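Student: any chance you could fold what I've pasted below:
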Amino acid sequence: MRNVIQSVVLLLTTLMSTGAVEVIYAQVGETATLKPPVGTNLQECYVSWRLDNKEGHELAGRNPFGKKTTTTSEAWNGRLSLSKDSLIIKDIRPEDFRTFVLEGTGDKCLLAAYVDIKLLKLTVSVNPLSPLLPGDELSLSCDAQTLQGKKSPKIHWLNPSGGKTEKLVTVRATIQDNGHWTCVVTNDSKENKAKVSVTVLGLYPAPLHPQYTSRSGPLTIPCSLLAHISWEQIKAKDIQEVHWHFVPEAGLSPQRLFSLSLEDPVTWKADQDRGLQPVPNPKKGNLSLTRNRGREDDKGDYVCTLAFKNGATLNSTVRVEVLQIISSPGTELISGQQLNLTCGTGHPLPSDLHVKWVPPKQSSLSSLTSDRHPAHLTIPEVGTGDGGKWRCELWQSNAQLTSAEITLKIEPKISVWMLVVICSVTAIVILLLILVFILYRRRKQKMTLLRRRLCQCKTYVTTISWTHEITQDTHSQSSALKLLATRCFVEK
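Tutor: Modelled structure (predicted):
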């Protein structure tokens, strides 16, 4: 049995010392991790990493008790470390692309052998390096160093969405090209990857669905720069203007709402007042418009545009739909009338949207329990309990998008007897008013006649004296005038 184990150890040792060379690809300036072959157990070994060959300069090592050491050589100082027997090299330099040897020795080491690991150079280039505008030419190349006597590795690119492309890429940049591109080098069925970042200036994509609002809910029209883009990068690409347009209906001329002054301080200028307000501090990249409450005339397309001097533009078009409740024949009804309520945006809702009605608690339809309600409700005969606030909610899956409200006033039905009583009371009130008017007219006529008689008195002084007496009396004005008339008649 012992001989069998020794034979196996000898065979594995031979395989490790004479087997295929491990290949690792890395870029200048990156970090490379050189790992022992899969399945290698070096726990009871003295492990050492050497340069070029097994007699070369020792870079790092570990004893069976776990103590680790790294070279103090100035060329490697601060760039080497060990992690589970893997050699980590930071900040790769051009002169680092050479052979590294892993060796395991010791009495209890099952494998007394060494492994050659070749660190080969991978070169990835992006042109241009500066942020791109949509339409700019983008070139990407990836080259891998070939091991002498071996076949060249296979190379391809993975774009930000994961699509596979060729070794050399030359395209007109679009917003889909923004992100990390990955160069994949395949050598002996083993893959090595290198990532590069491509920045294409752009806006967050507009929502796939319209923005829904109502007179009961807020309105937000989004438009923002991508998170990794700064205002300084936008200015560096010669931004010419930023503005918002509103198109109420297809075929109509757009209305300019806002323009951005590009001089510091960067501020918005209103071209047409629709009650909307831009988000403060546009230099942070948020160019959205808001309002506390939606309006019926908000329906339409809102276009956010960034125009550059080279003719390139960045656009985001947001569709806004307004949820409304329409009541027929109106919002003021009499008990017993038929009521039709419709909740919608003016056209059929998409299949993934549905409405929920929330009637007044005392309504005859307060028992609606289904999660999906019809957009059109009919109540053959409304009652006073149907009066009050009705709410219609617009839902997408488990998310409420917006809601609309309407208030109904339901008056009780007037019977024939109530109509007779109302008419009788009205007639009595009218007759009383006529009687009061007649009495008032007769009294006024008497007073006028009395004044005419007073004017016929011959002695003006006597009239004045008696007038003075009358005004000092405590009787009513009518009694005083009668007394004065009597005195005047006697003198006459």
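Student: all helices for this protein, in order.
Tutor: Using DSSP state H, the helices of the chain run over residues 2-18, 231-236, 416-454, 460-472, 477-491.
Student: what comes up buried for the second one?
Tutor: The reference is to helix 231-236. residue 234 (16 or more other Cβ atoms under 10 Å). Placement of C-beta: from N, CA and C, glycine included.
Student: average pLDDT for that helix?
Tutor: For helix 231-236, mean pLDDT is 91.
Student: which other residues reach it?
Tutor: With contact meaning Cβ atoms under 8 Å, 6 or more residues apart in numbering, helix 231-236 is reached by 130-131, 199, 201, 225, 262, 266, 282-285, 306.
Student: counting neighbours, which of these comes out on top?
Tutor: Taking other Cβ atoms under 10 Å as the neighbour criterion, residue 201 ranks highest of the contacts of helix 231-236 with 26 neighbours.
Student: that one is in contact with residue 133, isn't it?
Tutor: Yes - counting by Cβ atoms under 8 Å, residue 201 does reach residue 133; the two are 5.5 Å apart.
Student: if we can go back for a sec, make a markdown table from the contacts of helix 231-236 and add distance to residue 320 to it.
Tutor: Output for the contacts of helix 231-236, formatted as a markdown table (distance: Cβ to Cβ, whole Å):
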| residue | distance to residue 320 |
| --- | --- |
| 130 | 36 |
| 131 | 31 |
| 199 | 31 |
| 201 | 26 |
| 225 | 21 |
| 262 | 27 |
| 266 | 26 |
| 282 | 21 |
| 283 | 26 |
| 284 | 24 |
| 285 | 22 |
| 306 | 20 |
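Student: of the residues you listed, which belong to strands?
Tutor: Using DSSP state E, residue 306 are the members of those that sit in strands.
Student: flag every buried residue along stretch 57-74.
Tutor: Counting neighbours by 16+ other Cβ under 10 Å, stretch 57-74 gives 58-62, 70-71 as buried.
Student: would you turn these into JSON lines with distance to residue 344 and pLDDT?
Tutor: Output for the buried residues of stretch 57-74, formatted as JSON lines (distance: Cβ to Cβ, whole Å; pLDDT from 0 to 100):
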{"residue": "58", "distance to residue 344": "79", "pLDDT": "88"}
{"residue": "59", "distance to residue 344": "73", "pLDDT": "90"}
{"residue": "60", "distance to residue 344": "72", "pLDDT": "89"}
{"residue": "61", "distance to residue 344": "76", "pLDDT": "88"}
{"residue": "62", "distance to residue 344": "73", "pLDDT": "88"}
{"residue": "70", "distance to residue 344": "72", "pLDDT": "88"}
{"residue": "71", "distance to residue 344": "76", "pLDDT": "87"}
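Student: okay, the residues you listed in TSV with distance to residue 85 next?
Tutor: Listed next are the buried residues of stretch 57-74 as TSV, based on distance: Cβ to Cβ, whole Å:
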residue	distance to residue 85
58	14
59	13
60	10
61	10
62	7
70	13
71	16
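Student: the residues you listed in strands, which ones?
Tutor: Counted as lying in strands by DSSP E, out of these, are 58-62, 70.
Student: closest to residue 157 out of the contacts of helix 231-236?
Tutor: residue 199 (16.8 Å; Cβ to Cβ).
Student: look up how far residue 342 lies from residue 322.
Tutor: 14 Å (Cβ to Cβ, to the nearest Å).
Student: now swap in residue 41 and tell me
Tutor: Taken as Cβ to Cβ, the span from residue 41 to residue 342 is 75 Å.
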